[in-house]
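Colleague: One predicted model, sequence on top.
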Amino acid sequence: MGNSINRRNFLRLSLLGSGGLLVGLQFAGCESKGSEMPVNVDELDFTAFNAYIEMAKTGHVIIYSPNPEIGQGIKTAMPMIVAEELDVPWEMVTVKQAPLSNDFNRQVAGGSQSIRQNFPTLRNAGATVKLMLMTAAAQQWKVDVSECIAEDAIIKNSKGDQLKYADVLEAASKLEIPEEAPLKKSKDFKLIGQPILNVDIDDIITGKPIFGIDYKEEGMKYASVIIPPFGAELDSFDAAEALKMNGIEQVISFDNKVGIIGKNTWSVFKAKDAVKVKWKNIKSDQDTKIIDQKMDKALLGKGEKIVSTGQYSKAIKSAYKVISKTFSSPYLPHATLEPLCFFADVKENSARLIGPTQVPRNSAKTVAEDLGIPEENITVEMTRMGGGFGRRLSTDFTLESAQISAKIKAPVKLVHKREDDMDSGMFRPKVKYKLTAGMKNNKLHSLEIKEAITQKSGLRPWNANFFPGGTVDHYHTTSEHIETDISTLWWRAPITNFLGFSTGSFLDDVAESLNKDCIEFHQEILDAATGKKLPYAPKRMKAVIDLVKEKSNWGKTDAIQGFACYFSHNTYVAEVCEIEMKDGKAIPTKVVAAVDCGIVINISGAKAQVEGSILDALGHSRNSEISIVKGKVQEQNFDQYALGRMMQTPIVETHFVDTNEAPTGLGEPAYPPAAAAFANAVKKATGKRWTAHPFLG
């Protein structure tokens, strides 16, 4: 047997070598129904009703999921919403990824907005088609549509007559599409709120080529790029040795970069090391130690005022007790397990783009503007993504593939090496927060948050007013941007990922200084915020705190517990982290989370998002950082850049508030409080306050 083994064969051999584990194994969507064989929907004739729904006379339904799937589960959750209002059995639904189209709303995977912004549209898409089918049935029966009901793809009238959707499919498709239709009451939901398997699970575990890195076409070229150091410019390059290597066809310069084109990815990766590149204007002052010094200096200044209520300057002077702490976070890469990659086929006046992107519309727009191609002549097909965390919100790698394709006049698949991605920036910004609190009458009386950050879009009124904004009468926030040539980008739970840690840790110290239980203190300050005009509802925050207090047995167990809560992406999260001390080291053993994200669409996917966010936060806060010395990134791959490990993983227990509120974001909100809850437990156990990430660095 050769040394090469693919994902599909690995799974097969692993199962066969496990003592007959394959016996009785069935994959979701392939359940045996007597002797009935699974239907291949690609062989059926479908009728399109709108951009979301196609139906066949067999009763099978295709629902198109419009937004990019990045592991957040919306390729399952969004069609569930459509199917709920359409009233079809889920087992008759096949989900397909939609391409970029003007027929859809915001086709973006970012900001935890996919469900929140599309919920009404998705419901209406299903409800209007159901109304068309019911209308067609009513016309056939010569009764008013109000006398009809539909359930599980069957229409019934008051006389007891019934028709399948398939029976009226043709007639319904000829009707005018209504602008709106009656929607279900949430108490009548049958599919929404249920645990539904990921629609791609069969393809994932059997190794089907569904990711961008899997995509290939006959005759396409392979490419990779050499990216400039921070702020540097391309001077010249020597590709003589690279061009002698097997499989290498061209080495080109474009857009301040060098592109290597060949017959396969391995060849171009090998050839990269043989290309000699000279850069000019290399900035050796791009150094994390120097940036730290600039940040410390900035925190001593006034900064740009973002939000200010009351009279903080006077209030802090009148406080009988003042505490202050500074919290520091490093640069972090996105470190997606699937390397950056994209396919492009650029013609004279058109382009095809295929691959993993969180922003298909921006990808098309960027390519159109750069290459002078009409945007309407650019198609974008989205593959499933092997991680994104904000990195694929940028269009740099998409544009690179198109630029290379245009220059060599051939279809090309671009793949970045891991080291290129780690070395090129697009990091989570480095940030420091200095928090100062004043106490009066045994209460929190005044609070200041000062920010120094390497990204211009740091604290702004919308996020500065998040909790604990509004909990004190005298509240002051400032921000200072630190100029560097190190590129930064949105990163999972932008800004709040570390702001939530800083405020959650600091409020624990404030509670301790007042000799108050941390949870009781939070309830107290939320009472003070009630009735104020804020971007969050203190009542809903109190509800998740009550829930996590109950479910974690707060204060009623021998376990060492830490608490934190936060509001972001319109979602409320409270968490309790339990730890145990082993050989002087703190080990998180359990995290209990209470979440109010409105109506939960897919309970399985929702829990996965909460669990993933918490484990992501604990892993990065304990292990991860990017350090830059004289313009050179020190951590180049996973042997140097540490992520969370299985042995560091606690049990995560998630509880959702039962509510009829509209659904909100869930891909990020559980991240901000997690590290704070952990650090607060450590403080309780050791008396030591962790203020800098990584904790174990």
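Modeller: Thanks, I have the structure now.
Colleague: which other helices and strands contact the longest helix anywhere in the chain?
Modeller: Using DSSP state H, we find that the single longest helix of the chain is helix 114-141. Packed against helix 114-141 by the contact rule (3 or more Cβ pairs under 8 Å, 6 or more residues apart in numbering; DSSP states H and E) you find strand 53-56, helix 74-86, strand 148-151, strand 154-157, helix 169-173. C-beta here means a position set from N, CA and C on the backbone, and glycine is covered the same way.
Colleague: could you check the angle helix 74-86 makes with that helix?
Modeller: 30 degrees (axes from the mean of the first three to the mean of the last three Cα atoms, to 10 degrees).
Colleague: Give the full set of residues in contact with Gln311.
Modeller: His474 (Cβ atoms under 8 Å, 6 or more residues apart in numbering).
Colleague: if we go to 10 Å?
Modeller: Lys317, Ser318, Ser446, Asp473, His474, His476 (Cβ atoms under 10 Å, 6 or more residues apart in numbering).
Colleague: And it, how far from Lys317?
Modeller: Relative to Lys317, Gln311 is positioned 10 Å away (Cβ to Cβ, to the nearest Å).
Colleague: Could you do Ser405 as well?
Modeller: In terms of Cβ to Cβ, Ser405 sits 64 Å off from Lys317.
Colleague: Over the longest helix of the chain, what's the mean pLDDT, rounded is fine.
Modeller: On average, the pLDDT along helix 114-141 is 97.
Colleague: ok, back up a step: from the contacts of Gln311, keep the buried residues only.
Modeller: Ser446, Asp473, His474, His476 (16 or more other Cβ atoms under 10 Å).
Colleague: Closest one to Val143 out of the residues you listed, please.
Modeller: Using Cβ to Cβ, Asp473 is the member of these that lies nearest Val143, at 63.6 Å.
Colleague: returning to what we had before: so which of the contacts of Gln311 belong to helices?
Modeller: Lys317, Ser318.
Colleague: Just name the closest of the contacts of Gln311 to Ile70, please.
Modeller: The closest of the contacts of Gln311, once distances to Ile70 are taken by Cβ to Cβ, is His476, at 37.0 Å.
Colleague: Show me where the stretch 251-400 of the chain has its strands.
Modeller: For the stretch 251-400 of the chain, strands defined by DSSP state E, counting those that start in this stretch occupy the ranges 257-262, 276-280, 304-309, 321-329, 341-346, 351-355, 378-382.
Colleague: helices and strands around the second one, which ones?
Modeller: Read it as strand 276-280. For strand 276-280, the packing partners by 3 or more Cβ pairs under 10 Å, 6 or more residues apart in numbering; DSSP states H and E come out as strand 233-238, helix 240-243.
Colleague: Could you check the angle the first one makes with strand 257-262?
Modeller: Right, the one you point to is strand 233-238. 30 degrees.
Colleague: buried sites along strand 233-238?
Modeller: Leu234, Phe237.
Colleague: List the pairing partners of it within its sheet, with orientation.
Modeller: Here strand 233-238 is paired, per DSSP bridges, with strand 276-280 (antiparallel).
Colleague: give the contact list for His476.
Modeller: The contact partners of His476, by Cβ under 10 Å, 6+ apart, come to 303, 305-313, 315-316, 436, 446-450, 464.
Colleague: residue ranges with poor pLDDT in the chain?
Modeller: 1-38, 697 (pLDDT under 70).
Colleague: Can you tell me, leaving aside adjacent residues, what's nearest to Gly219?
Modeller: Pro411 (6.6 Å; Cβ to Cβ, 6 or more residues apart in numbering).
Colleague: wait, isn't that neighbour in contact with Phe342?
Modeller: No. Contact criterion Cβ atoms under 10 Å: Pro411 and Phe342 do not qualify, at 11.5 Å.
Colleague: coming back round to it: now the strands of the stretch 251-400 of the chain in a markdown table, with distance to Cys518 and mean neighbour count?
Modeller: Below are these laid out as a markdown table (distance: least, Cβ to Cβ, whole Å; neighbours: other Cβ atoms under 10 Å):
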| stretch | distance to Cys518 | mean neighbour count |
| --- | --- | --- |
| strand 257-262 | 51 | 23 |
| strand 276-280 | 51 | 13 |
| strand 304-309 | 24 | 16 |
| strand 321-329 | 15 | 17 |
| strand 341-346 | 45 | 25 |
| strand 351-355 | 46 | 23 |
| strand 378-382 | 44 | 21 |
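Colleague: Please convert those to TSV, extending it with distance to Ala166.
Modeller: As requested, the strands of the stretch 251-400 of the chain are arranged in TSV below (distance: least, Cβ to Cβ, whole Å):
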stretch	distance to Ala166
strand 257-262	51
strand 276-280	63
strand 304-309	58
strand 321-329	57
strand 341-346	38
strand 351-355	34
strand 378-382	30
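Colleague: So which of the ones you listed is nearest Thr135?
Modeller: strand 378-382 (33.8 Å).
Colleague: Do me a favour and get the end-to-end distance for stretch 265-285?
Modeller: 34 Å (Cα to Cα, to the nearest Å).
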